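> Can you look at this prediction? I've put the sequence above it.
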Amino acid sequence: MRELSLHILDLVQNSIEAGANKVTLEIIEDIHTMDTLMIRVTDNGRGMDEATCKNVINPFVTTRTTRRVGLGLPLIHMSTERCQGYLTVTSTLGCGTVIEALYQHSHLDRPPLGNIVETIKSILIANPELYFSYCHTVDQTVFSLATQEIIEILGDLPLTQPDVLVWLDEYLTHNVMNLYNSRNLHGGV
Amino acid sequence: MEVYSLKTIEDLKRLRDQVQAETRVRHESSKQIIVGMGTCGIAAGARDVMSAILDEIAKRKLEDITVRQTGCIGMCEKEVLVDIVLPGKPRITYGRVTAADVPKIIVEHVINGNLIKEMVVGKITE
């Protein structure tokens, strides 16, 4: 995938397919000290046993019934290997799964984070029953958002109400841009 | 209409109060748009199609549209797949949808109820 935010969308989809109703996304960018970018997706889905956990990076291992190939995890795994990084899959059957991907931040082959705003919007709007929380740290600056907070305010107004959609776009764009100060976000830096 | 910044949680509270104060007719059944978001869909550009759909809803101020995601249904080569379900009508699947096709699908099908035959890949009757 061209952007890490597309891999993130894919990982969250995996969590939803595993039956999770609670997903946490953490993005931790340590540009000036450790030179790392870490993505962690934690869910409370059905989890995997130890054997499946180890095999899941194999493209020919999948829970899909429509095809015998599942490329999501193998692709993100490959992307970490190109950047002095790693992918770990930790899971407890019946409890949930944690996927952690680490990249060297300044590595030339690291895909850009890309349009994280559109990824978050997609997740929030298309999955109104999902408790999703997003926490993004860039060096010392943090932005976090939780669906509980927004739904409490909205009451019975749906996220697809046109004015709410506009608000969500501006709120996310503004706050994510603040994380990087003057750096351009859209278009994949 | 009062113009204010839309960048904080406080703004959402004000927006909610304003919208709730206006009388709106709530229809029982809503129109559904479902976008395929398996790995194949995402790789084919499903997120951009989803964004285009949300932009049209915001721009045209369309109420009572439910937007959902689905996993891979097996027609990977036809991604991005977008399903439209209008109340009382069969579920229509459009294939090879791009962000540029979205305004046409919204206007022709979602608003006016007319199928775009050349893009249809499947039809499910209840």
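Received it, and whenever you're ready, just let me know what you need. Keep in mind that what you see is a predicted model, and the values were worked out from it rather than measured.
> ok, longest helix in chain A?
helix A:162-179 (DSSP state H).
> close to chain B, is it?
Yes - Helix A:162-179 is in contact with chain B by CB under 8 Å from any CB of the partner chain, via A:162-167, A:169-171, A:174-175. The C-beta positions use only the backbone N, C-alpha and C, and glycine is treated the same way.
> Residues touching that helix, excluding its own?
Contact partners of helix A:162-179, identified using CB atoms under 8 Å, 6 or more residues apart in numbering or on different chains, comprise A:116-117, A:120-121, A:124-125, A:136-138, A:141, A:143, A:145, A:154, A:157-159, A:185-186, B:5-9, B:11-12, B:15, B:19, B:54, B:57-63.
> Please list only the buried members of those.
Among those, the ones that count as buried by 16 or more other CB atoms under 10 Å in any protein chain shown are A:116-117, A:120-121, A:124-125, A:136-138, A:143, A:145, A:154, A:157-159, A:185, B:6-7, B:12, B:15, B:54, B:57-58, B:62-63.
> Out of these, name the ones that lie in helices.
A:116-117, A:120-121, A:124-125, A:154, B:12, B:15, B:54, B:57-58.
> Report how many residues lie close to the residue in chain A that chain B sits nearest to.
Closest residue of chain A to chain B, CB to the nearest CB: A:T66 (3.3 Å). For A:T66, the neighbour count with other CB atoms under 10 Å in any protein chain shown is 14.
> same question, A:V61
Residues near A:V61, counting by other CB under 10 Å, number 15.
> which residues of chain A score low on pLDDT?
A:182-189 (pLDDT under 70).
> now the strands for it?
A:22-30, A:36-43, A:86-92, A:96-104, A:131-138, A:141-146 (DSSP state E).
> Including distance to A:E3, could those go into a markdown table?
What follows is those, written out as a markdown table (distance: least, CB to CB, whole Å):
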| stretch | distance to A:E3 |
| --- | --- |
| strand A:22-30 | 13 |
| strand A:36-43 | 12 |
| strand A:86-92 | 17 |
| strand A:96-104 | 13 |
| strand A:131-138 | 15 |
| strand A:141-146 | 19 |
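> would you list the ones you listed in a markdown table and tack on distance to chain B?
Shown next, in a markdown table, are the strands of chain A (distance: least, CB to the nearest CB, whole Å):
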| stretch | distance to chain B |
| --- | --- |
| strand A:22-30 | 13 |
| strand A:36-43 | 14 |
| strand A:86-92 | 15 |
| strand A:96-104 | 14 |
| strand A:131-138 | 13 |
| strand A:141-146 | 9 |
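> For B:P87, which of those is the nearest?
Nearest to B:P87 among these is strand A:131-138; the distance by CB to CB comes to 28.3 Å.
> which residues are contacting that closest one?
A:12, A:21-29, A:31, A:116, A:120, A:123-124, A:142-148, A:176, A:179-180.
> For that strand, which strands pair with it and how are they oriented?
Sheet pairing here is set by DSSP bridges, and for strand A:131-138 it gives strand A:22-30 (parallel), strand A:141-146 (antiparallel).
> Let me know which of those strands is tucked in deepest.
Among the strands paired with strand A:131-138, strand A:22-30 has the highest mean neighbour count (mean count of other CB atoms under 10 Å in any protein chain shown), at a mean of 20.
> mind checking how far the residue positioned nearest the centre of chain B is from B:I111?
Closest to where the C-alpha atoms of chain B average out (CA atoms, centre = their mean) is B:I33, at 4.2 Å. Here B:I33 is placed at a distance of 12 Å from B:I111 (CB to CB, to the nearest Å).
> Next: A:C53.
Remark: distance between A:C53 and B:I111 (CB to CB) = 47 Å.
> Of these two, give the one with the bigger neighbour count.
Ranked by neighbour count (other CB under 10 Å), A:C53 and B:I111 place A:C53 first, with 17 against 13.
> The more buried one against A:T92, yeah?
No - between A:C53 and A:T92 there is no contact under CB atoms under 8 Å: 9.5 Å.
> Count the neighbours of residue 108 for me.
Defaulting to chain A. 7.
> My question was about chain B, not that one.
Counted with other CB under 10 Å, residues neighbouring B:E108 total 14.
> need the contact list for it.
Counting by CB under 8 Å, 6+ apart, B:E108 touches B:114-116.
> Sounds good, over and out.
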